[in-house]
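**Q** no sequence on this one, just coordinates:
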């Protein structure tokens with residue numbers, strides 16, 4: 001859908017369908033905190049570097065973002081696995097941005113819900129809020145600036161976004177609004193090609209193969225760990241209190257591991273094999289009391305298997 005993506009999104013994995021070698025092009029958020037035990041995923045400046053540059057820690061400050069990765073990641077995916085030219089692939093998006101498309105009732109509602117944030121910046125207020133008039137369902141949303149950006153990328157490739165005129169425009173705007181990302185940060189960005197995580201999950205005679213992103217993305221490890229813990233649990237649905245309790249306690253433990261152990265493997269030792277192993281799942285699942293919930297603060301002493309070596 002036209003509203004589901006943008007050229008500056010900071011971190012999405014791109015996995016083309018039917019990858020023969022089961023690899024994943026990971027548009028990570030970048031260089032993580034160098035110390036293990038943190039969830040940093042930033043390409044470009046680390047959290048420490050942002051702090052040294054004067055990062056204010058605000059929830060919504062233009063420019064306090066990692067260098068965007070979508071453009072580089074999708075270009076690499078196209079070059080590696082695609083068969084079309086970049087300009088041809090981008091042509092429909094350029095057409096939608098230039099000619100516009102009808103605003104749906106749902107999109108109009110989302111603009112209204114995000115009005116407080118969008119109106120903080122003159123450009124987003126002008127484009128998405130019509131300077132306060134708000135879009136009505138059926139009205140056409142046109143984005144000529146986005147079309148111009150996409151045309152430059154279609155012509156010059158990802159280098160345009162990271163080292164060309166688009167990069168200069170981005171850095172100027174971020175600097176004017178208190179941002180911290182520099183031209184050097186953008187120029188140094190590189191997507192990563194990583195081996196995907198694989199697992200199997202069986203229930204009621206059906207078997208699913210799970211393929212997901214590895215660290216620095218944390219979702220894949222967390223999902224596989226949870227499925228391993230629930231593998232032999234006869235779940236009955238959301239209207240069954242015991243099933244809900246077991247799932248909640250499983251996720252409590254999974255998210256404790258996520259917070260404690262997952263980070264960027266380029267800068268920290270991440271015990272992926274231990275966290276997604278069947279032995280670890282069995283050990284952690286055994287700590288679940290079917291009659292009572294365990295306080296999250298008491299979980300840390302339980303997490304001992306994953307803190308050992310990777311258990312290759």
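**A** That came through, no problem. Keep in mind that what you see is a predicted model, and the values were worked out from it rather than measured.

**Q** drop to CA atoms for contacts and neighbour counts, all remaining ones
**A** Noted.

**Q** So residue 211, which state does it fall into?
**A** strand (DSSP: H, G, I helix; E, B strand; the rest coil).

**Q** Could you measure from the nearest residue to residue 154 once chain neighbours are set aside over to residue 108?
**A** Residue nearest to residue 154 in three dimensions, not counting chain neighbours: residue 87, with 4.6 Å by CA to CA, 6 or more residues apart in numbering. Look at residue 87 and residue 108: by CA to CA, to the nearest Å, they are 30 Å apart.

**Q** Checking residue 131 next. Helix, strand or coil?
**A** Going by three-state DSSP: residue 131 is helix.

**Q** Just the pLDDT at it, thanks.
**A** Confidence at residue 131, expressed as pLDDT, is 83.

**Q** Same check on the one 5 residues further on?
**A** For residue 136, the pLDDT comes out at 93.

**Q** Wait, it touches residue 103, no?
**A** Yes - applying CA atoms under 8 Å, one finds residue 136 in contact with residue 103, separated by 7.1 Å.

**Q** More neighbours: the two, which one.
**A** residue 103 (19 against 14; other CA atoms under 10 Å).

**Q** How about the contacts made by the more buried one?
**A** 135-141 (CA atoms under 8 Å, 6 or more residues apart in numbering).

**Q** again, only using 6 Å
**A** 137-140 (CA atoms under 6 Å, 6 or more residues apart in numbering).

**Q** Would you mind checking the residues you listed for buried ones?
**A** If you count burial by 16 or more other CA atoms under 10 Å, none of those comes out as buried.

**Q** Out of those, list just those in strands.
**A** The strands, defined by DSSP state E, take in residue 140 from the contacts of residue 103.

**Q** Now residue 181: phi and psi?
**A** For residue 181, the backbone dihedrals are phi -70, psi 140 (criterion: degrees, to the nearest 10).

**Q** distance of it from residue 98?
**A** Relative to residue 98, and taking CA to CA, residue 181 is found at 28 Å.

**Q** These two: which has the busier surroundings?
**A** Legend: neighbour count by other CA under 10 Å for residue 181 and residue 98, higher for residue 181 (22 against 18).

**Q** Can you give me the pLDDT of that one?
**A** 87.

**Q** State the phi and psi torsions of residue 199.
**A** phi -160, psi 170.

**Q** can you count the residues close to it?
**A** Using other CA under 10 Å, residue 199 has 18 neighbouring residues.

**Q** List the contacts of it.
**A** The contact partners of residue 199, taken as CA under 6 Å, 6+ apart, are 209-210.

**Q** Thank you, goodbye.
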